[in-house]
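Undergrad: Let me see the structure of the following:
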Amino acid sequence: MSGTRTGESMLSRHLRILDVFGVDSAFLTLSQISRRSGLPVSTTHRLLDELERERLVERLPDRSYRLGLRLWELAARTPGALGLREIALPMMQGVQGAIRQHTQLGVRDGRDVVYLERLSHRDAVVSATVVGGRISLAASAIGHVLLSALPEEALADLFASGIPRYTKRTPQTLAEVVAAVTEVRARGHAIADGLVHPDARGIAVPVRGPEGEIVAGLGVVVPNDGRDPRPVVAVLRRAAVGIEESLRRAYVAPGHPHALAGARYRPLINSSTSSMEYFDERGRAGQDRG
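TA: Numbering: from 1, shown residues only. Okay, the predicted model is just below:
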């Protein structure tokens, strides 16, 4: 049943509008947004007007809507994930230079992998992932790596919530999910053959934070042709070690004797030493002004 939910806040209704946009639904009409959000057309129209005024959505000449640039601006200031992406990017470029397929970095958000970055070669095998996109944790090599850090009840919860079926090889039972995670814990890496597309194989390794916790998965998508994965795993592990060393250096607490310049901004941006010193100076000046 469509309509406003009892006790639903105005913010929640705006988010219902924004949430209907996706990779396969980047441009939507008023009626499509109303139907997908479950809100009446009149309410949807009013909320879209408000979002458009704040530049969170844009209305196009054909009267369809898309997400606004201001959302990207806000997302680009998000601490944590964006800093991780920038720190990982040089090592990802090294992997991509060696593998020449798809190289990607993902983190867990609820029951999904969210992809922070993807590098792709023009002639690479098919890949369903996009930057900012989501795939079920159960359906990707990076997802299996991230699941390996979770307790068994989290695996049961993932299964209970339902796993989208992309191919006949996508895990659909709790036993299949547990088996995949058990293999990752034993081997230290994940191999996922044809889980999202039959022609594609995912290979991934964990990326650990300064305290040893798994903070991300680094992976590649390569042809599902039965080749020995060990050379690819070795490339990924070397890159993961490099990312982990950079994370340890970057996230030393501000004020520590070994803290890098601009340490407080490292969760947001990772740049040259002179640039980080500049951000530090600007931050201190802003604090002095109150």
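Undergrad: Spell out, range by range, the helices that occur in this protein.
TA: For the chain, the helices defined by DSSP state H cover 10-19, 30-37, 41-53, 69-75, 81-99, 141-147, 152-161, 174-187, 230-250, 273-288.
Undergrad: Using PDB, write down the CA coordinates of the fifth one.
TA: Read it as helix 81-99. What follows is helix 81-99, C-alpha atoms only, in PDB (Å, rounded to 0.1, in the frame of the first residue of the first chain):
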ATOM      1  CA  ALA A  81      35.600   5.700   3.000                       C
ATOM      2  CA  LEU A  82      37.000   8.400   0.800                       C
ATOM      3  CA  GLY A  83      40.300   8.500   2.600                       C
ATOM      4  CA  LEU A  84      40.600   4.800   2.300                       C
ATOM      5  CA  ARG A  85      39.900   5.100  -1.400                       C
ATOM      6  CA  GLU A  86      42.600   7.700  -1.900                       C
ATOM      7  CA  ILE A  87      45.200   5.700   0.100                       C
ATOM      8  CA  ALA A  88      44.400   2.500  -1.800                       C
ATOM      9  CA  LEU A  89      44.300   4.000  -5.300                       C
ATOM     10  CA  PRO A  90      48.100   4.000  -6.100                       C
ATOM     11  CA  MET A  91      48.300   0.300  -5.100                       C
ATOM     12  CA  MET A  92      45.100  -0.400  -7.100                       C
ATOM     13  CA  GLN A  93      46.700   1.200 -10.100                       C
ATOM     14  CA  GLY A  94      49.700  -1.200  -9.700                       C
ATOM     15  CA  VAL A  95      47.300  -4.200  -9.600                       C
ATOM     16  CA  GLN A  96      45.500  -3.000 -12.700                       C
ATOM     17  CA  GLY A  97      48.700  -2.500 -14.600                       C
ATOM     18  CA  ALA A  98      49.600  -6.100 -13.900                       C
ATOM     19  CA  ILE A  99      46.200  -7.800 -14.400                       C
END
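Undergrad: Please renumber the chain so that the first residue is 31 from this point on.
TA: Sure thing, new numbering starts at 31, so read that last one as helix 111-129.
Undergrad: Distance from the chain centre to it, please.
TA: Centroid separation between helix 111-129 and its chain, computed with CA atoms, centre = their mean, to the nearest Å, is 14 Å.
Undergrad: That helix - contacts with which helices or strands?
TA: Judged by 3 or more CB pairs under 8 Å, 6 or more residues apart in numbering; DSSP states H and E, helix 111-129 is in contact with strand 132-139, strand 142-150, strand 244-253, helix 260-280. C-beta coordinates here come from the backbone N, C-alpha and C atoms, glycine included.
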